[in-house]
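Enquirer: Sequence first, then the predicted structure:
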Amino acid sequence: MPSSATEPTRVLAIRDEDPDRPWSPLGRWWPESHGGVVGVRDVRAGGAWLAADSDRGRLAVLLNRADVSTVPESDIVSRGGLALESVAGRTPEHPRTHGFNLVEVEGSHARVISWNGARVDRTPLAPGTHMVAHDDVDDESTPRIARWLEDFSTAVLSDGGRWWGPWIDVLERSAALESVDDRALIRDNRPHGYPTQSLLVCVASVSAHAVEVHYRALREPGHWDGF
């Protein structure tokens with residue numbers, strides 16, 4: 001997070017998903033319902049993992065989170081609409097979804113909305129670098145956060161050009177770990193009981209009236225090959 005309202009918010013996001021679940025790359029997939037929004041679309045449910053509205057200076061990224069919901073599965077709706085609604089300025093109050101962490105960025109401000117199936121929490125992000133996975137913000141009980149938060153925090157980003165280079169360097173170093181390692185950033189979660197693997201990386205710069213997003217799909221799920 002920037003220390004000044006005149007500076008952009010910078011984001012790096014890694015998507016883990018089942019490689020067999022179809023998805024579409026960064027594009028304008030919702031011209032009728034969300035005109036002007038670009039995002040990475042989940043083909044099956046029609047929603048987005050990441051969405052951005054440049055005119056409004058908004059970006060949203062969705063992560064799954066465990067929940068304690070007792071709602072019947074037939075009454076649960078997809079989480080995919082959350083990022084789209086977020087960049088339209090509509091924040092969930094009473095979600096009918098499974099648990100999530102929703103990172104919401106608007107210009108130089110950001111927060112994480114968390115839903116555990118029973119309670120919605122809103123965590124404003126203070127100036128500085130933060131990491132979010134499937135638990136709380138900067139949660140050091142998450143091995144990848146405990147291992148890499150300091151590295152991302154001390155990486156000095158440039159003001160222009162490929163500003164994201166120092167963060168990508170951290171990803172490059174992290175790839176020395178096996179993708180099944182709990183500390184890995186580029187992941188293969190199958191040994192942990194989930195069918196998901198890292199599929200793509202996005203970086204974004206968000207200011208009050210513009211969002212710049214760069215996208216890179218991995219050639220092989222769970223294996224880093226550069227950005």
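Expert: The structure has been received and is ready for your questions.
Enquirer: By residue count, tell me the biggest helix in this protein.
Expert: helix 143-154 (DSSP state H).
Enquirer: tell me which strands and helices it is in contact with?
Expert: helix 165-174 (3 or more CB pairs under 8 Å, 6 or more residues apart in numbering; DSSP states H and E). C-beta here means a position set from N, CA and C on the backbone, and glycine is covered the same way.
Enquirer: Quick check: which helices or strands does the helix it packs on pack against?
Expert: So helix 165-174, by 3+ CB pairs under 8 Å, 6+ apart, packs with helix 143-154, strand 197-207.
Enquirer: how much does the longest one deviate in direction from helix 165-174?
Expert: Put plainly, it is helix 143-154. Put simply, helix 143-154 runs at 150 degrees to helix 165-174, going by axes from the mean of the first three to the mean of the last three CA atoms, to 10 degrees.
Enquirer: Can you give me the pLDDT of residue 170?
Expert: Listed pLDDT for residue 170 reads 98.
Enquirer: Could you check how many residues crowd around it?
Expert: Residues lying near residue 170 (other CB atoms under 10 Å) number 18.
Enquirer: Quick check: it touching residue 155?
Expert: Yes. At 5.8 Å, residue 170 and residue 155 qualify as touching, with contact defined as CB atoms under 8 Å.
Enquirer: Centroid-nearest residue for the protein?
Expert: Central residue of the chain (CA atoms, centre = their mean): residue 61, 3.7 Å from the mean position.
Enquirer: mind checking the SS state of it?
Expert: Here residue 61 is recorded as strand under DSSP: H, G, I helix; E, B strand; the rest coil.
Enquirer: Please identify the buried residues of stretch 135-152?
Expert: Neighbour counts over stretch 135-152 (16 or more other CB atoms under 10 Å) mark 135-138, 142, 144-145, 147-149, 151-152 as buried.
Enquirer: before we move on, the earlier item: which residue, neighbours along the chain excluded, lies closest to the residue nearest to the centre of the chain?
Expert: Nearest non-adjacent residue to residue 61, counting by CB to CB, 6 or more residues apart in numbering: residue 103, 4.4 Å away.
Enquirer: before we move on, what about residue 141?
Expert: residue 135 (6.8 Å).
Enquirer: repeat for residue 71
Expert: Residue 71's closest residue in space is residue 96 (CB to CB, 6+ apart), at 7.1 Å.
Enquirer: correct me, but that neighbour touches residue 73?
Expert: No. Counting by CB under 8 Å, residue 96 does not reach residue 73; the two are 11.4 Å apart.
Enquirer: Which one's more surrounded, the two?
Expert: More neighbours surround residue 96 than the other of residue 96 and residue 73, with 12 against 7 (other CB under 10 Å).
Enquirer: separation between the more buried one and residue 116?
Expert: Per CB to CB, to the nearest Å, residue 96 is found 14 Å from residue 116.
Enquirer: before we move on, back to that, could you measure from the residue nearest to the centre of the chain over to residue 177?
Expert: Per CB to CB, residue 61 is found 23 Å from residue 177.
Enquirer: What residues of stretch 77-94 count as buried?
Expert: Neighbour-count burial for stretch 77-94 flags 79-88, 92 (criterion: 16+ other CB under 10 Å).
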